[in-house]
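# Output the structure for:
(2 chains)
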2 protein chains.
Amino acid sequence: MRSNLAKNSISKQTIRRLPQYLRVFYDLHAYGRSLVSSTDLAAETGLLPIVIKKDLQAVGAPTKLRAGFKVAGTIEAIEDFLGWDNLNKAFLVGAGHLGSALLGFSGFQNHGLEIVAAFDTNPEMVGQEIHGVHVYHTAQLKSVIRSKKLKIAVLTVPDSVVQGITDTLVECGVKAIWNFASVKLSVPEDVAVQQEDIAAGLAELCAKLKSN
Amino acid sequence: MRSNLAKNSISKQTIRRLPQYLRVFYDLHAYGRSLVSSTDLAAETGLLPIVIKKDLQAVGAPTKLRAGFKVAGTIEAIEDFLGWDNLNKAFLVGAGHLGSALLGFSGFQNHGLEIVAAFDTNPEMVGQEIHGVHVYHTAQLKSVIRSKKLKIAVLTVPDSVVQGITDTLVECGVKAIWNFASVKLSVPEDVAVQQEDIAAGLAELCAKLKSN
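Down below sits the predicted model:
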């Protein structure tokens, strides 16, 4: 395992903070700043300077002695680490409220993700466009995925159908699934799954509230 | 710090996994199971048995020697730890797609949260009910929060207005904020903030995809 690239040993916590750093660095860049100290970044993010330093060093962010991190170079380093310097084409299954919210999430293009198709079974949605994305019937999943060669899925479907849909996606060669249903998915080893748990954030809030 | 109750030293990662355990234990309970081993829990959750043991012991889940965790007792221990044995009344600001998705999230009542009011500025939504929750105009925030004595806010509003709304909420005595906007909020020390970062999950997925 020691022979892996450094990027494989970066902690999940560091990875999850990278989008937050990116937003701050985009702002700094927009304001014309070329350097920023970890103390300033701490004030902006609420994180400890030592945490920020370790995170940014882990992705190879360039520094200038005693002056802090180079803004443009750090943006490049984070985008490169996450593969967000290239737009990844993805599709969404389940164009209900949550799905529509994700389609409208303005940040995705900045985050290397372009959602190029959506799927739903609701006849009122099929054939419509949501935030510029065409909604196909779920029965068309296989043909659209294969013809567009899509590899990344965002799943905002009910718990009861999510494993069945996942099986179809795997069959079609999908390699990454971002799952918003609260069911653990069974997939082959070469398929990456990211499980979102809306209740996890609520649990954190409740624990903070109780300890206050 | 050593004198704090054990619950204050439980890690954020453990807290975030508690809702996942709860779901599994609710299912086990519904199927009439009274005991479950950490090996079985590992198969169900995809987590390591040692992680599960440490997490559940941290919240004081009761065990039976060599037979595993007691199902009913563990549910009680987790709910008690999170304060989910009592329903907390909350309100939502921003009844757009994401807000509506949250209002429709069936899990909330199981998770100790009852959303009793929603607020929006869109004249088409004001006065309507979404999933049984009345939508007030945002101008009514102060009066409704004070008359209903609400302390917990869920914020699904645009980045540009979230700090202004937060200031109003703090003024009205709100003590906990679950923030879905991608802006770090400034609040007094006695207000708990839980920041949701939709892009954090995407970052994790992209990192997994790159290392596959």
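# so where is chain A shaky, pLDDT-wise?
Under the criterion pLDDT under 70, the flagged ranges of chain A are A:1-8, A:106-107, A:212.
# Spatially nearest residue to residue A:129 (excluding sequence neighbours)?
The shortest distance from residue A:129 to any non-neighbouring residue, by Cβ to Cβ, 6 or more residues apart in numbering or on different chains, is to residue A:135 (7.1 Å). For every residue, glycine as well, the C-beta is placed using N, CA and C.
# helix, strand or coil for that neighbour?
When classified by DSSP: H, G, I helix; E, B strand; the rest coil, residue A:135 comes out as strand.
# List the neighbouring strands of the lengthiest strand in chain A plus their orientation.
Taking DSSP state E as the criterion, chain A has its longest strand at strand A:113-120. Strand A:113-120 pairs in its sheet with strand A:88-93 (parallel), strand A:133-137 (parallel), by DSSP bridges.
# Just the buried residues of the first one, please?
By that I understand strand A:88-93. Neighbour-count burial for strand A:88-93, with 16 or more other Cβ atoms under 10 Å in any protein chain shown as criterion, is recorded at A:88, A:90, A:91, A:92, A:93.
# Quick one: residues contacting the residue most central in space within chain A.
Geometric centre of chain A, nearest residue: residue A:111, 7.0 Å, by Cα atoms, centre = their mean. By Cβ atoms under 8 Å, 6 or more residues apart in numbering or on different chains, the contact set of residue A:111 is A:19, A:22, A:82, A:84, B:199, B:202, B:203.
# Could you identify the pair within the residues you listed that is furthest apart?
A:22 and B:202 (11.2 Å; Cβ to Cβ).
# Show me which of those two is the more surrounded one.
Comparing residue A:22 with residue B:202 by other Cβ atoms under 10 Å in any protein chain shown, the one with more neighbours is residue B:202, at 28 against 21.
# Tell me the secondary structure at the more buried one.
Of the three states, residue B:202 takes helix under three-state DSSP.
# Excluding sequence neighbours, find me the nearest residue to it.
Nearest residue to residue B:202 in three dimensions, chain neighbours excluded: residue A:111, at 5.6 Å (Cβ to Cβ, 6+ apart).
# With residue B:182 as the reference, measure out to that neighbour.
Distance of residue A:111 to residue B:182, given as Cβ to Cβ, to the nearest Å: 11 Å.
# would you list every one of the helices in chain A?
Taking DSSP state H as the test, the helices found in chain A are A:12-30, A:38-45, A:49-58, A:71-82, A:97-103, A:107-110, A:141-148, A:159-171, A:198-211.
# any idea which of those is most buried?
When the helices of chain A are scored by mean count of other Cβ atoms under 10 Å in any protein chain shown, the highest mean neighbour count falls to helix A:97-103 (a mean of 24).
# Dump that one to PDB, keeping only the CA atoms.
The C-alpha trace of helix A:97-103 is given here as PDB (Å, rounded to 0.1, in the frame of the first residue of the first chain):
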ATOM      1  CA  HIS A  97     -38.100  17.900  -5.600                       C
ATOM      2  CA  LEU A  98     -34.600  16.800  -4.600                       C
ATOM      3  CA  GLY A  99     -33.600  15.900  -8.100                       C
ATOM      4  CA  SER A 100     -34.800  19.300  -9.400                       C
ATOM      5  CA  ALA A 101     -32.900  21.100  -6.600                       C
ATOM      6  CA  LEU A 102     -29.700  19.300  -7.700                       C
ATOM      7  CA  LEU A 103     -30.400  20.100 -11.400                       C
END
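# so, in contact with chain B or not, that helix?
Yes. Applying Cβ under 8 Å from any Cβ of the partner chain, one finds helix A:97-103 touching chain B at A:97, A:98, A:100, A:101, A:102.
# how about the closest residue to the third one other than its chain neighbours, what does it touch?
I take that to be residue A:100. Counting by Cβ to Cβ, 6+ apart, residue A:100 lies nearest to residue B:97, which is 4.4 Å off, once chain neighbours are set aside. By Cβ under 8 Å, 6+ apart, the residues touching residue B:97 are A:97, A:98, A:100, A:101, A:104.
# same question, residue A:9
Listed by Cβ under 8 Å, 6+ apart, residue A:9 has no contact partners.
# Pretty sure residue A:177 sits against residue A:184.
No. Assessed by Cβ atoms under 8 Å, residue A:177 is found out of contact with residue A:184, at 11.7 Å.
# More neighbours: these two, which one.
Between residue A:177 and residue A:184, residue A:177 has the larger neighbour count (other Cβ under 10 Å), namely 24 against 19.
# From residue B:51, how far out is the more buried one?
Distance, residue A:177 to residue B:51, using Cβ to Cβ: 22 Å.
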